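Participant: Here you go, sequence then predicted model.
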Amino acid sequence: MKKRVCAYCRVSTGFDSQQESQDNQIELATEKIMKNSEWIFAGIYADSEATGTNANRPAFKKMMRDARKHKFDIILVKSISRFARNTVLVIETLKKLKELGISVQFEKEQIDTGAPYSEMFLTIMSAFAQEESRNISERVKRGIRMRARNGYVNWTRLYGFIKKDGVEYIIVEEEAKVVRRIFDEYEHGVSPTDIAMQLNEEGHLSPGGKNWNRANIENVLKNLKYAGEILTNANYIVDHMTHKLVKNKGEVERIHLVNHHNGIISKEQFQRVQKIHEMKRKAQYPFMGLLTCPCCGKYLIKKSIKKKSCWYCPEDNFSVEQENLEEAVLRAYEQIKGSDNEILQKLKNQYPIMKKVDYWWLSCTVDKITFRRNQSVLTVHWNNGSETTVGL
């Protein structure tokens, strides 16, 4: 009685050369089945872009479903590594197929699971295949790290940039305007949700061609590439078997490529935005680290006193209300007439009067804020060395 025979083919990537390899596998397998007068062609199952360590291969899963329907008697595979590189998965799958009365023939290893003693050989050979998979994975990782040290990373499409004529990270000005706006508005106190809402109302599409949302905005704000830098291995794969991706907390080397390409925003603005994000996450405030107690010199902490938001020193019981503090600092800012500090003068020219206290301008203008004992006054010490004293 003739046997119904199918073939399973797989390559590791979707590159053209690998696709040719897969086409070649299919052609050879088909020819081999058709030439055998004892066999009946039962089809080809081919996965083109799955890895040997991943059980979620669509063609492989379909083949197993068809096996349970008894659509074939024999499966041809070029090698064990094409079938799977996980020893446990190989043995478990072959056991299931054997229970269904289906044998598998591995061409490279010349193993037929329908023959005696095949299980012992398969265990040994699949273990070798699994180790080979690990070695390949490690070599690939080393190669990627070496390229990164030399300033090369794989190009991935990023909103605001394009790759043209082999040149990467060319700024797309129309998209770059949106990126700058996102950073500017967030820095000036607009929430990611409100930024997304404004962009949608004006008809701007997100990187995915859909409406913007909070997650889209936050992804832009956290992406170092917009400042012209790249930090590799933010996440890493735990091992080559599970392919589980986890956040890198120092377990894997990270390579920081400074001035990798022209940024859309400045490095200084990017760092300010990260600081603002961290302050909000920790429920901190713009004055954190700027206010000192006039009695002991220690930093004041934020505290609610009699239902009012205050800055307080627990050792000396000194406190100042947040509202009064903000009003005084804004008045001190108004009194700046001129400055030899370029940043401070540029800011003053653009914003003669500040409507509220924000970290984005406080961080680049104020060195510290001090108070006088038993006097309702404070002194703002500006970054240019000058001082402004106002009443509270």
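Facilitator: Yep, that arrived. Numbers count the residues shown, from 1 in each chain.
Participant: Tell me where the stretch 151-300 of the chain has helices.
Facilitator: Using DSSP state H, counting those that start in this stretch, the helices found in the stretch 151-300 of the chain span residues 173-187, 192-201, 214-222, 267-281.
Participant: Tabulate the CA atom coordinates of the last one in CSV.
Facilitator: Taking C-alpha atoms only, helix 267-281 is exported to CSV below (Å, rounded to 0.1, in the frame of the first residue of the first chain):
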residue,chain,number,x,y,z
LYS,A,267,19.9,67.0,24.4
GLU,A,268,19.2,69.5,27.1
GLN,A,269,15.5,69.6,26.4
PHE,A,270,15.4,65.8,26.3
GLN,A,271,17.0,65.6,29.7
ARG,A,272,14.6,68.2,31.2
VAL,A,273,11.6,66.2,29.9
GLN,A,274,13.0,63.0,31.5
LYS,A,275,13.5,64.9,34.8
ILE,A,276,9.9,66.3,34.6
HIS,A,277,8.5,62.8,33.9
GLU,A,278,10.5,61.4,36.9
MET,A,279,9.3,64.2,39.2
LYS,A,280,5.7,63.5,38.2
ARG,A,281,6.2,59.8,38.7
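Participant: Now tell me what touches that helix from outside.
Facilitator: 183, 186-187, 221-222, 224, 226-229, 263, 284-286, 288, 359-360, 363-364 (C-beta atoms under 8 Å, 6 or more residues apart in numbering). Any C-beta I mention is one placed from the backbone N, CA and C, and that applies to glycine too.
Participant: Filter the residues you listed down to the buried ones, PyMOL style.
Facilitator: This is the PyMOL syntax for the buried subset of the contacts of helix 267-281, where burial follows 16 or more other C-beta atoms under 10 Å:
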select buried, resi 183+186+187+221+224+226+227+228+229+263+285+286+359+360+363
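Participant: What about the contacts of helix 267-281, which are in strands?
Facilitator: Filtering the contacts of helix 267-281 for membership in strands, criterion DSSP state E, returns an empty set.
Participant: which stretches of the protein aren't confidently modelled?
Facilitator: Scanning the chain for pLDDT under 70 picks out the ranges 11-22, 49-56, 85-88, 117-155, 233-254, 283-284, 338-340.
Participant: mind giving me the domain ranges of it?
Facilitator: 3-145, 161-281, 301-391 (automatic domain parsing).
Participant: Can you lay out those domains as JSON lines showing distance to C295?
Facilitator: Putting these into JSON lines (distance: least, C-beta to C-beta, whole Å) gives the following:
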{"stretch": "domain 3-145", "distance to C295": "53"}
{"stretch": "domain 161-281", "distance to C295": "26"}
{"stretch": "domain 301-391", "distance to C295": "4"}
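Participant: Any buried residues in stretch 183-201, and which?
Facilitator: In terms of neighbour count (16+ other C-beta under 10 Å), stretch 183-201 has its buried residues at 183, 185-187, 190, 192, 195-197, 199.
Participant: from the middle of its chain, how far away would that stretch be?
Facilitator: When distances are taken as C-alpha atoms, centre = their mean, to the nearest Å, stretch 183-201 is centred 21 Å away from the chain's centroid.
Participant: Now tabulate the buried residues of stretch 183-201 in CSV and tack on distance to R57.
Facilitator: Conversion of those to CSV gives the following (distance: C-beta to C-beta, whole Å):
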residue, distance to R57
F183, 42
E185, 45
Y186, 42
E187, 46
V190, 46
P192, 38
I195, 41
A196, 37
M197, 42
L199, 39
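Participant: ok, of those, which one's closest to F60?
Facilitator: Using C-beta to C-beta, the shortest approach to F60 within these belongs to A196, at 40.4 Å.
Participant: ok, now which ones touch the closest one?
Facilitator: The neighbourhood of A196, defined by C-beta under 8 Å, 6+ apart, consists of 211-214, 216-217.
Participant: try it again with 10 Å
Facilitator: Applying C-beta atoms under 10 Å, 6 or more residues apart in numbering to A196 gives the contacts 182, 204, 206, 211-218.
Participant: Can you tell me the element I75 falls in?
Facilitator: With elements taken from DSSP states H and E, the one containing I75 is strand 74-77.
Participant: quick one: contacts of that strand?
Facilitator: Contacts of strand 74-77 (C-beta under 10 Å, 6+ apart): 3-10, 25, 28-30, 32-33, 39-40, 42, 44-45, 63, 67, 83-84, 94, 97, 102-109, 111-114.
Participant: Repeat the analysis, applying 7 Å as the threshold.
Facilitator: Strand 74-77 is contacted by residues 3, 5-8, 29, 32-33, 83, 102-107 when judged by C-beta atoms under 7 Å, 6 or more residues apart in numbering.
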